[in-house]
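Trainee: here is the input, now give the coordinates:
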Amino acid sequence: MFKVIGNTDIQLKHKASCHCGSVELELTLPKGVENPRRCDCSICRRKGAIVGSVALSGLRVVKGADVLKLYQFNTNTAEHYFCSNCGIYTHHRRRSNPNLFGFNIGCLEGVNPFDLGDIVTVDGVHHPADR
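Mentor: Sure, this is the predicted structure:
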C-alpha cells in the first residue's frame with residue numbers, strides 16, 4: 001500500500017495479485033475496504049471469495065491483461081475475471097451495479113480475509129434480474 005498525493009486528495013492505492021503473480025491490479029480505495037461480503041449465487045458460493053467493491057475507475061490492471069480470462073453466464077451482465085495460469089478469481093464487473101467492480105479481498109497484498117471476522121452474505125440466489 002502506498003499513498004499518492006494529488007491536488008488536495010490523498011488516495012490509497014492497493015496492490016492485488018493472483019496466486020502465481022501473473023495478474024496484478026491497482027485498486028484505489030480511499031476509505032479502505034468497505035462492506036466486505038460473500039454472495040450465495042451459483043458462482044460465488046463455488047468460488048467462496050470475500051469481495052469488496054471499487055468504482056470502475058478505481059481498478060487498473062497493471063500486469064497480466066493478456067492472461068486474464070472472462071467468464072459470463074445467465075444474463076451475461078456480470079463479467080468474472082480470473083487468471084488463466086493459476087485459476088484465481090481476481091475481480092468482476094458487478095451485475096447488481098455495473099458501475100462497480102467487485103474484487104477478491106484475498107488477492108490484496110497484506111490482507112488476510114480470515115482476519116475480517118463475521119462477513120455478511122448477500123442473497124444472490126434471488127437476484128432481481130432473475131425474476
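
Trainee: tell me the contacts of residue 54?
Mentor: 27-29, 100-101, 103 (Cβ atoms under 8 Å, 6 or more residues apart in numbering). C-beta coordinates here come from the backbone N, C-alpha and C atoms, glycine included.

Trainee: same check on residue 47?
Mentor: Residues near residue 47 by Cβ under 8 Å, 6+ apart: residue 89.

Trainee: what do you get for residue 121?
Mentor: Applying Cβ under 8 Å, 6+ apart, we find residue 121 in contact with 37-40.

Trainee: follow-up on the earlier one: for residue 90, state which of the contacts of residue 54 is nearest.
Mentor: Nearest to residue 90, judged by Cβ to Cβ, of these is residue 103 at 6.9 Å.

Trainee: what distance separates whichever strand or helix holds that closest one from the centre of its chain?
Mentor: Counting by DSSP states H and E, the element that carries residue 103 is strand 100-104. Its chain's average C-alpha position is 3 Å from that of strand 100-104, according to Cα atoms, centre = their mean, to the nearest Å.
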